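In: Give me a 3D structure for the following:
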Amino acid sequence: MSILILNREDDLWLNTLLYGGMLHVAHIFGWKPAGTKRPTAYDEYDDDGNLIRIGIEDWDGNYHEDYLQEVTEEDAANLVAALDKAIAFLSWLRAIDPELVTSMVSDSSAWKHVLRFRSARSIGLLERFKDAVEGGFRIG
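Out: Sure, this is the predicted structure:
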């Protein structure tokens with residue numbers, strides 16, 4: 001399965017596991033999700049534009065389903081700030097002996113997760129994700 005990040009300028013398709021991993025890394029680096037706005041794409045209106053039925057009533061603010069829910073500009077800015085920290089850290093980490101790094105974080109499952117993004121390709125994906133979410137986005 002995949003998630004589509006819909007932004008004003010550049011859309012990005014991500015595997016759901018990769019997307020979830022990136023959100024987890026951002027959380028480790030300080031992002032506190034504010035919750036998404038209730039999606040309105042499924043609301044129904046009459047011919048005069050009056051709302052006649054709310055499509056999704058009990059919205060839980062999640063980031064993992066693809067209902068075109070909106071992430072606010074402020075929440076996206078906080079996500080970008082956390083991704084910037086992660087990218088800087090991972091770029092720095094690439095210069096250190098891999099065995100030393102592994103021994104330093106061997107007891108922490110959160111850091112083991114972060115280490116999965118240590119490759120140049122993964123850092124590039126984090127940068128692309130950061131660019132796609134900047135300024136607010138919808139999840140489709």
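In: Could you use CA atoms for every contact and neighbour count after this?
Out: Fine.
In: quick one, strands of the protein?
Out: Assigned by DSSP state E, the chain shows strands spanning 2-6, 12-15, 44-45, 51-53, 69-71, 137-139.
In: could those strands go into JSON lines alongside mean pLDDT and distance to residue 109?
Out: JSON lines is the format used below for the strands of the chain (pLDDT from 0 to 100; distance: least, C-alpha to C-alpha, whole Å):
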{"stretch": "strand 2-6", "mean pLDDT": "91", "distance to residue 109": "25"}
{"stretch": "strand 12-15", "mean pLDDT": "92", "distance to residue 109": "22"}
{"stretch": "strand 44-45", "mean pLDDT": "88", "distance to residue 109": "45"}
{"stretch": "strand 51-53", "mean pLDDT": "86", "distance to residue 109": "44"}
{"stretch": "strand 69-71", "mean pLDDT": "93", "distance to residue 109": "27"}
{"stretch": "strand 137-139", "mean pLDDT": "87", "distance to residue 109": "27"}
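In: I'd assumed residue 77 was in contact with residue 26.
Out: No. With contact defined as C-alpha atoms under 8 Å, residue 26 does not reach residue 77; the gap is 11.6 Å.
In: which residues of the protein score low on pLDDT?
Out: Along the chain, segments meeting pLDDT under 70 span 101-108, 110.
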